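# 3D, please:
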Amino acid sequence: DALVVEESILPSDNWAIVGITDHDTAQFSTLLSQQAWSRRSTDRLIVLPGIELEVRFPVEVEGTSNTCPLHILCLFAPCTTASDIRLAINAAKPSTTPAWDFGVPIDVAELPPFIQGLRNHPTYPAVCIAAHVWSSKGISSEPKKLMLESLDADIARLEGELERAKADNDGSDERDIQSRLNKLIARSDDSDELHRTVLRLIGQCGFDGLQVRDQSHEAHYRRLHRFRDQHGRAVPIVCSDSHTPTGVFLSGDDIPYIKLNVETLSGGDPGAVFDEIRKRALR
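Residues are numbered from 1 along each chain as shown. As a prediction, this is how the structure comes out:
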């Protein structure tokens, strides 16, 4: 309410949409969402229940596979239950992997199909947001870091082979190893190539949003998959990473706004509100 006065927002537009995602919050966020939904005509607060998933998938460089851990924020329609969320996540994961339950990471063979499975569940579709993209553990940094580590390991191995070839006075082998080594060093030094590889991964996933700390982090992502109808648009969303209820609203000047149909918020069912947010506003 204080924010509405401060920002000169019309009383008719005094609605708040809050998504709650963190590890092991599904039970809390779903119950809070049901409570908020029952009071929305007076409180004008919509709570989207959700969860933060740690997803692990392989990243291959030069034939070497490393496991890349990423955090994905998943938001669901108001009044979705914790059981519904578990069902949706299990439906999106590979059928050959063990059943998933709350509190554990989930392993997938490929990230993009898993994200698309979450987004397109027939009953409980999710808004999928890549978490804290600006940090060293974000979706921009983790795959790139693993690629660099793999390249550095291969470079070190080839340098050892080169020393051996020189000691053996094996000229032909030395030239071949030096050529391969030069190519790997060039790849390791080409940060633009690695960055494009990571951007392609993000684009293939089709995230609905990217959790950013401020608007300066949106530059690289705004055009990722603008014209792919079945994909999200990777909209940069200024998100709180707070861990207390009051901290959610300590956003300073970075207040995220979303344009929604007030009639849908006040009179629509949970599915209609979810579609209004994801299919119309975020797209």
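
# does residue 44 touch residue 16 like I think?
Yes. The pair residue 44 and residue 16 qualifies as a contact (CB atoms under 8 Å) at a distance of 6.8 Å. All C-beta spots, glycine's among them, are computed from the backbone N, C-alpha and C.

# and those two? Which one has more around it.
Here residue 44 and residue 16 are compared on neighbour count by other CB atoms under 10 Å; more neighbours surround residue 44, at 20 against 15.

# distance of that one relative to residue 109?
43 Å (CB to CB, to the nearest Å).

# and what of residue 276?
In this view, residue 276 and residue 109 are 34 Å apart by CB to CB.

# which regions of this protein sit below the pLDDT cut-off?
Within the chain, the set of residues satisfying pLDDT under 70 comprises 61-64, 134-155, 157, 184, 187-197, 214-229, 240-241, 245, 248-254.

# report the central residue of it.
residue 130 (1.4 Å; CA atoms, centre = their mean).

# verify the stated contact: that residue with residue 211.
Yes. Taking contacts as CB under 8 Å, residue 130 lies within contact range of residue 211: 6.6 Å.

# quickly list what's touching both of the two.
Between them, residue 130 and residue 211 share these contacting residues under CB atoms under 8 Å, 6 or more residues apart in numbering: residue 73.

# list the contacts for residue 86?
By CB under 8 Å, 6+ apart, the contact set of residue 86 is 26, 100-102.

# which of those tops the neighbour count?
Using other CB under 10 Å as the neighbour criterion, residue 26 leads the contacts of residue 86 with 27 neighbours.

# tell me the contacts of the closest residue to it other than its chain neighbours?
Excluding the flanking residues, the one nearest residue 26 by CB to CB, 6 or more residues apart in numbering is residue 82, at 4.3 Å. Applying CB under 8 Å, 6+ apart to residue 82 gives the contacts 26-27, 30, 102.
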